[in-house]
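>>> sequence first, predicted model second:
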Amino acid sequence: MTRKELFKNTLRKSVHAWKLINELPLSDDESLMLRHFMDQPGFLDLHWRMFVPAIKGQGTEEQKQKWLPLANKMQIIGCYAQTELGHGSNVQGLETTATFDPQTDQFILHSPTQTSSKWWPGGLGKVSTHAVIYARLITDGKDHGVHGFIVQLRNMDDHSPLPGITIGDIGVKFGNGAYNSMDNGFLMFDKFCIPRDQMLMRLSKVTREGKYVPSDVPRQLMYGTMVSVRQTIVSNASIAMARAVCIATRYSAVRRQFGSQNGGIETQVIDYKTQQNRLFPLLASAYAFRFVGEWLKWLYTDVTQRLEASDFATLPEAHACTAGLKSMTTSATSDGIEECRKLCGGHGYLWCSGLPELFAVYVPACTYEGDNVVLQLQVARFLMKTVSQLGSGKAPAGTTAYMGRAKHLLQCRSSIRKAEDWLNPAMVLETFEARALRMAVSCANNLSKFENQEQGFSELLADLVEAAIAHCQLIVVSKFIVKLEGEIKGKGVKNQLKNLCYIYALHLIHKHLGDFLSTNSITSEQASLANHQLRSLYTQVRPNAVALVDAFDYTDHYLGSVLGRYDGNVYPKLFEEALKDPLNDTVVPDGYHEYIRPLIKQHLRSARL
Ligand SMILES: CCCCCCCC/C=C\CCC/C=C/C(=O)SCCNC(=O)CCNC(=O)[C@H](O)C(C)(C)COP(=O)(O)OP(=O)(O)OC[C@H]1O[C@@H](n2cnc3c(N)ncnc32)[C@H](O)[C@@H]1OP(=O)(O)O
Ligand SMILES: Cc1cc2nc3c(=O)[nH]c(=O)nc-3n(C[C@H](O)[C@H](O)[C@H](O)COP(=O)(O)OP(=O)(O)OC[C@H]3O[C@@H](n4cnc5c(N)ncnc54)[C@H](O)[C@@H]3O)c2cc1C
């Protein structure tokens, strides 16, 4: 399809999804799932995933009563317009202004520079009638920083942009993926006025007289929508990784290459240890991210309930965990989808394998909702603060509770003596805790050598990111172990998931061996024992590998992959797909007579001469 056809088709699908949601007797969860799965990525997604939550989280009761009924019935369609051409990561650097005019009791929205143009918001370019706009609030000449405003963008009768608004689509994005069905847009204001009551005033407000009343709660609650989406993105990572691994595992069981004895059948590529070494850690990651995503949803729900009771104690932990796990899981999943493409050899590069599309749609997850490095630096900031408080009498809690055992973890030596010891959850956990703590403390010690802490932090950015990743990987491993010790029913299932848990943990030790050795968390002998155990675990998982991806229960339609078909009938279907290509509509291609024939004829003529 052309971009316009792709876009219009997405509108059709989105409206169809909305019709189903309204007609079918669905639970809230089911309708949320339908919205997300029927429309990824699409404007419906962002209306529900960002525009509505922003109003819920930052609007007053009156504002919620006014705007939510319209949004819930989709009588207005909204987007989340925060990022600008010149600033995305640095939210406090946004340039759009919202200046209060007490004469008219209005805010004047303006884009003072080209870099202040809103740029990237999904749904902004062509679909949304409204937006939550983030702009610098200015009253009486004083800049109070970034605040949220609900703004109508288009005429509700003919969808034309309102006077004072220039709006459009930012153009084609990466690959030929479905993200080109999304109208990520640009928006400039030219002294555009909105009523004062359209500033989202739950956190802070401006009185009729123009007095700014700052928030009596942490200003970071303004970032709440991003935190909620980051939490969902971790579960999305599990789904995306599972889709890619399902395709690659099923195809690896179908594909045979080399290894035939005396003209017999060739070897399934899934039996090659290199294929297992690349594929099974990704299979384990799909399960690991699912379980940590379940835990993160609990953490987010818990912090949301606490915030409603003005209990802000776990807000820093929630921010660090959502930021760090979003960063870590999306980076691993993006790399994992690409690895799954390569695991499928040449056929993985075909569009009909489903992997190029999945990669094209998925990889922006490393950037949207926060660039992954910037988010890990938020985790690092949180860890440095925690380390600095060790010994202050304030015991670290939650995911940093292990830091409370710093005295032990800084000097303990791993007691791993044989390969089977790597199947001991306590030993594995202590190894990851020691590595994470020692990396964090090493950063803190190096930081303390700088007089200027901000300068030191800047100098140590790369080390700090690695310490943050170590902390996040510990969280994922620990939540996998907790899951196994808790809710898994059925001995057989539990044994298989145990294998995956240790594959996940031991592959990380192998991948980040430098960390574990340089922090003396393990010895090189213990590392060799871990590799030995890893190989043994691959052998144990191999007979159940296809069953473990079938367990994701994805339909062929949802997978969209000839290679990942449930029936394994790959080769005939590859031909069937190939013959559908328009290039095969004629045996002699367009262009033969204009370009190929003259070339050949000229060659023949000169050959005769
Ligand atoms: C298979 C297909 C799958 C498809 C799946 C589809 C899913 C689609 C889902 C979504 C679609 C994409 C839509 C995308 C939307 C967007 O991208 S919206 C825009 C996102 N933008 C960002 O994330 C910006 C990132 N930057 C920031 O968050 C901030 O600028 C910052 C980096 C955090 C810095 O902020 P600030 O300068 O204000 O703060 P600091 O000085 O660094 O810190 C001050 C203290 O505040 C604490 N803090 C910071 N942020 C938060 C927060 N969010 N919550 C709580 N606390 C926060 C920080 O820790 C400091 O605390 P301290 O002083 O105690 O240390
Ligand atoms: C597909 C897609 C959809 C999006 N949808 C929306 C949306 O709906 N609404 C919305 O408001 N926005 C949206 N965005 C914008 C997105 O949120 C930003 O692109 C994202 O936050 C990254 O910010 P940036 O582009 O400014 O990157 P930058 O911060 O410019 O990153 C560039 C490089 O600089 C590095 N860097 C930046 N700051 C630091 C630092 N302090 N220390 C070390 N390194 C640093 C980064 O790590 C990165 O390598 C979308 C983006 C994409 C790709």
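Everything's here; your move. Ligands and ions are numbered 1, 2, ... in the order given.
>>> tell me, how many residues neighbour the closest residue to residue 196 other than its chain neighbours?
Closest residue to residue 196 apart from its sequence neighbours, by C-beta to C-beta, 6 or more residues apart in numbering: residue 105 at 5.0 Å. Just so you know, the C-beta spots here come from the backbone N, C-alpha and C atoms, and that holds for glycine as well. The local packing of residue 105 (other C-beta atoms under 10 Å) involves 14 other residues.
>>> is it true that residue 105 touches residue 195?
Yes. Residue 105 is within contact range of residue 195, at 6.9 Å (criterion: C-beta atoms under 8 Å).
>>> I'd like to know which elements the helix or strand hosting residue 408 is packed against.
Taking DSSP states H and E as the criterion, residue 408 maps to helix 406-411. The contact analysis (3 or more C-beta pairs under 8 Å, 6 or more residues apart in numbering; DSSP states H and E) places helix 406-411 against helix 425-448.
>>> just how off-centre is the helix or strand following the helix it packs on within its chain?
Following helix 425-448 in sequence order, the next helix or strand is helix 453-459 (DSSP H and E). The chain centroid and the centroid of helix 453-459 are separated by 28 Å under C-alpha atoms, centre = their mean, to the nearest Å.
>>> next, residue 97: phi, psi?
phi -110, psi 150 (degrees, to the nearest 10).
>>> so residue 146, which state does it fall into?
Per DSSP: H, G, I helix; E, B strand; the rest coil, the local secondary structure of residue 146 is strand.
>>> show me the contacts for it.
Contact analysis of residue 146 by C-beta atoms under 8 Å, 6 or more residues apart in numbering lists 91-92, 94, 134-137, 222.
>>> does residue 375 touch residue 320 like I think?
No. Residue 375 is beyond contact range of residue 320, at 9.4 Å (criterion: C-beta under 8 Å).
>>> what is in contact with the two at once?
Taking C-beta under 8 Å, 6+ apart as the contact criterion, no residue touches both residue 375 and residue 320.
>>> contact partners for the nearest residue to residue 383 once chain neighbours are set aside?
In space, residue 383 comes closest to residue 440 once its chain neighbours are excluded; the distance is 4.7 Å by C-beta to C-beta, 6+ apart. Applying C-beta under 8 Å, 6+ apart to residue 440 gives the contacts 383-384, 386-387, 403, 467, 470-471.
>>> in helices, which of the residues you listed appear?
In this view, the contacts of residue 440 that belong to helices under DSSP state H are 383-384, 386-387, 467, 470-471.
>>> how close does the residue nearest to residue 196 get to residue 210?
Distance of residue 105 to residue 210, given as C-beta to C-beta, to the nearest Å: 9 Å.
>>> with residue 147 instead?
For residue 147, the distance to residue 210 (C-beta to C-beta) stands at 14 Å.
>>> give me the more crowded residue out of these two.
For residue 147 versus residue 210, neighbours defined as other C-beta under 10 Å are more numerous around residue 147 (24 against 14).
>>> what pairs with the more buried one across the strands?
Per DSSP bridges, the residues bridged to residue 147 are residue 135.
>>> check contacts around the closest residue to ligand 2 within the chain.
Proximity of the chain to ligand 2 (C-beta to the nearest ligand atom) peaks at residue 88, 2.5 Å away. Residue 88 is in contact with 120, 371, counting by C-beta under 8 Å, 6+ apart.
>>> which stretch of helix or strand covers it?
Using DSSP H and E, residue 88 falls within no helix or strand.
>>> what does stretch 68-84 contact?
The set of residues external to stretch 68-84 that reach it, using C-beta under 8 Å, 6+ apart, is 18, 43, 46-47, 50-52, 54-56, 59, 67, 91, 94-96, 115-124, 127-134, 150, 152, 156, 185, 187, 225.
>>> typo on my end, stretch 261-272
For stretch 261-272, the surrounding residues in contact (C-beta under 8 Å, 6+ apart) are 249, 252-260, 275-276, 279, 542, 545.
>>> and the residues you listed, which are buried?
When those are checked for burial by 16 or more other C-beta atoms under 10 Å, the buried set is 249, 252-255, 275-276, 279, 542, 545.
>>> how about the residues you listed, which pair is most distant?
The span of the buried ones among the contacts of stretch 261-272, defined through C-beta to C-beta, is set by 254 and 276 at 15.7 Å.
>>> with only the CA atoms kept, save stretch 183-192 in CSV.
Output in CSV follows, covering the C-alpha atoms of stretch 183-192 (Å, rounded to 0.1, in the frame of the first residue of the first chain):
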residue,chain,number,x,y,z
ASP,A,183,0.6,10.1,11.7
ASN,A,184,3.4,11.3,14.0
GLY,A,185,3.0,15.0,13.5
PHE,A,186,4.3,18.5,13.9
LEU,A,187,2.5,21.5,15.3
MET,A,188,3.3,25.2,15.7
PHE,A,189,1.2,27.8,17.6
ASP,A,190,1.0,31.4,16.5
LYS,A,191,-0.4,33.2,19.6
PHE,A,192,-3.1,30.7,20.0
